[in-house]
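Undergrad: have a look at this prediction, sequence included:
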Amino acid sequence: MTITKKITLYQTLTIGDKYISMTRQKTFETKKKVEEKAILIGLITPDSPKKYSEPLAELASLANTAGAEVLGCVTQNRPKPHAASYLGQGKLEQVKSMAEKQGANLIICDDDLLPTQSKNIEKITGRRVVDRTELILHIFATNSKTSEAKLQVELAQLKYFMPKLKRLWQHLDRYEGGIGTRGPGEKQIESDKRIIKKKIGDLAQCIKKIEERKSREVAERANKFLTVALIGYTNAGKSTLMNLITNADVLVEDKLFSTLDTRTRLWNIEGRKILLSDTVGFIEKLPHALVASFRATLEEARQADLLLHVVDSSHPDAAQQVEVVNKVLEEIGLQEKPILLVLNKTDLVKDNVDFSHLRILYPEHVAMSAKKGINLLELEKKVLYLLESQMVDLNLTLPMSEGKWLSWFEEYTRILEKTWDEKNIYYKIRLTQANADWLMATLGNGEK
């Protein structure tokens, strides 16, 4: 049942400790549940990557993850977006007609839109418009559970919405003055921007402190354990793999970005203790604001001894997804890290020709199914081999009084030799380069 009533709406935007208030009269409908029914729109340009899947298939998955029902898709071949309306006038009329016939109340665009483009699409179609970044931000905001992730999403949202303030607020006729402002004549939108800029600065400082603390925590763990981080395209099966390896009970859903917060668990391979971390998934056209905001979350990957790049090998565009992840790794400075490609979901592969091509294209890989536990042993052997190939041998001489280090060596290194005399204990141990540097700095002796 829908109840319609006219009211005077007092709307308040809370930013930090300040409030921006406005008063306007409008008619709105109160519903028990808002059902989003969407039409997807997108461009196919000469620069668009060649895909085997439908052009807007990923956008449809994002829309479904956000809770919208996709009723139709409209694409247009153009050399570049229309400056004023993204799609041409004729195509937008087609979108309007489809929305009316299907009963859609939302238009979702596969690219970022300028405020003018959003306004004109809304004007022509008579429907609310959401672009790709806004959709992804909505999913991140919905799925964020920890305070750290929420802060990161809030920062990305503020950076995204700030240039769009003119369209978001309908109160530009209001003026404000006073001590500490620009003075009489300052428009409300200028005051809004000033407050948001301060909020962005505060959030950036907060996240910087989190990043510094996280870096110290991860570095401290790295001084003891071998570390491995799971990376990959969203929905490639990273969480399923982590559950298989560590019984971590991480949420697994057939949705994009179902997990955002980094989780770390212990992985035991042949008696070696390894810390395994699951990180946020990547995606094509990942908003730059999110890449910047989630640097702290990706600290586990930055400090890891090895990255496991998990790929959905059953996806028709698997090779392109690999390149998208590699591009993001380059953006955040992790392209030089040791990486092992994990071709996951082999049980779902339907085209053996494409799968064979993928294996030839990336020869250094392990093919497996995390869901069914296929080839887990091969993965463990490969991971252990790659980790040990990075290790160094260290000779240490310790006085008898420093025998307390023995338990540390036994737990976090491989003891190759141990001899002693009346005064000293002589060790030859194998450990990671990071652990060796830390140990030599701590003990002040030793040679490689």
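TA: Ah, there it is.

Undergrad: quick one: average pLDDT of the helix or strand in which Asp354 is found?
TA: Per DSSP states H and E, Asp354 falls inside helix 352-361. For helix 352-361, mean pLDDT rounds to 90.

Undergrad: quick check: beta-bridge partners of Ala229?
TA: On the basis of DSSP bridges, Ala229 is bridged to Ser277, Leu307.

Undergrad: pull the CA atoms of the helix holding Asp354 into PDB?
TA: What follows is helix 352-361 as a C-alpha-only set of coordinates in PDB (Å, rounded to 0.1, in the frame of the first residue of the first chain):
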ATOM      1  CA  ASN A 352      38.300 -26.100 -23.000                       C
ATOM      2  CA  VAL A 353      39.800 -24.100 -25.900                       C
ATOM      3  CA  ASP A 354      39.600 -20.800 -24.000                       C
ATOM      4  CA  PHE A 355      40.800 -22.500 -20.800                       C
ATOM      5  CA  SER A 356      43.800 -24.000 -22.700                       C
ATOM      6  CA  HIS A 357      44.600 -20.600 -24.100                       C
ATOM      7  CA  LEU A 358      44.500 -19.100 -20.600                       C
ATOM      8  CA  ARG A 359      47.000 -21.700 -19.400                       C
ATOM      9  CA  ILE A 360      49.300 -21.000 -22.300                       C
ATOM     10  CA  LEU A 361      49.000 -17.300 -21.800                       C
END
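
Undergrad: neighbouring strands - and their directions - for whatever helix or strand comes next after it?
TA: Where DSSP H and E defines the elements, the next helix or strand beyond helix 352-361 is strand 365-367. Next to strand 365-367 in the sheet, as set by DSSP bridges, lie strand 339-344 (parallel).

Undergrad: just want the angle from the strand it pairs with to helix 352-361.
TA: If you take axes from the mean of the first three to the mean of the last three Cα atoms, to 10 degrees, strand 339-344 sits at 170 degrees to helix 352-361.

Undergrad: could I get strand 339-344 in CSV with only the CA atoms?
TA: The C-alpha trace of strand 339-344 is given here as CSV (Å, rounded to 0.1, in the frame of the first residue of the first chain):
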residue,chain,number,x,y,z
ILE,A,339,52.8,-13.5,-7.8
LEU,A,340,51.3,-17.0,-8.3
LEU,A,341,48.3,-17.2,-10.6
VAL,A,342,45.5,-19.5,-9.3
LEU,A,343,43.1,-20.5,-12.1
ASN,A,344,40.1,-21.2,-9.9
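
Undergrad: tell me how far that strand lies from the chain's centre.
TA: 18 Å (Cα atoms, centre = their mean, to the nearest Å).

Undergrad: name the SS class of the residue nearest the centre of the chain, please.
TA: Centroid-nearest residue in the chain, with Cα atoms, centre = their mean: Val280, separated by 4.0 Å. Following DSSP: H, G, I helix; E, B strand; the rest coil, Val280 is assigned to coil.

Undergrad: phi, psi for it please.
TA: Dihedral angles of Val280 (phi, psi; degrees, to the nearest 10) stand at phi -60, psi 140.

Undergrad: pretty sure it is touching Glu299, no?
TA: No: here Val280 does not reach Glu299: they are 11.6 Å apart, not a contact under Cβ atoms under 8 Å. For the C-beta atoms, the positions are set from N, CA and C on the backbone; glycine is no exception.

Undergrad: between these two, which contacts overlap?
TA: By Cβ atoms under 8 Å, 6 or more residues apart in numbering, Val280 and Glu299 have these common neighbours: Thr262.

Undergrad: what's the longest helix in the chain?
TA: If you go by DSSP state H, the chain has its longest helix at helix 188-222.

Undergrad: what is it packed up against?
TA: strand 2-15, strand 18-31, helix 147-161, helix 165-168, strand 175-176, helix 299-303 (3 or more Cβ pairs under 8 Å, 6 or more residues apart in numbering; DSSP states H and E).

Undergrad: state the mean pLDDT of that helix.
TA: 77.

Undergrad: quick one, that helix and helix 147-161 angle?
TA: Going by the same axes, to 10 degrees, helix 188-222 is angled at 140 degrees with respect to helix 147-161.

Undergrad: how about the nearest residue to Gln321, chain neighbours excluded?
TA: Tyr233 (4.1 Å; Cβ to Cβ, 6 or more residues apart in numbering).

Undergrad: please apply the same query to Ser313.
TA: That would be Leu343: by Cβ to Cβ, 6+ apart, it lies 4.1 Å from Ser313.

Undergrad: domain parsing for the protein?
TA: The record's domain parsing of the chain by automatic domain parsing lists 35-130, 140-207, 218-389, 392-443.

Undergrad: of these, which shows the lowest average pLDDT?
TA: Among these, domain 140-207 scores lowest, at a mean of 68.

Undergrad: quick one: terminal-to-terminal distance for it?
TA: One end of domain 140-207 to the other measures 16 Å (Cα to Cα, to the nearest Å).

Undergrad: cool, stretch 139-158 as well?
TA: By Cα to Cα, one end of stretch 139-158 lies 15 Å from the other end.

Undergrad: what are the buried residues along that stretch?
TA: Applying a neighbour-count criterion of 16 or more other Cβ atoms under 10 Å, one finds 139-140, 143-144, 148-149, 151-158 buried in stretch 139-158.

Undergrad: how far does it sit from its chain's centre?
TA: 11 Å.

Undergrad: same thing with stretch 408-418?
TA: Worked out by Cα atoms, centre = their mean, stretch 408-418 lies 37 Å from the chain centre.

Undergrad: could you list the buried residues of it?
TA: For stretch 408-418, by 16+ other Cβ under 10 Å, it's 409, 412-413.

Undergrad: would you mind giving those residues as JSON lines with secondary structure and distance to Val324 added?
TA: Below are these laid out as JSON lines (DSSP: H, G, I helix; E, B strand; the rest coil; distance: Cβ to Cβ, whole Å):
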{"residue": "Phe409", "secondary structure": "helix", "distance to Val324": "42"}
{"residue": "Tyr412", "secondary structure": "helix", "distance to Val324": "36"}
{"residue": "Thr413", "secondary structure": "coil", "distance to Val324": "37"}
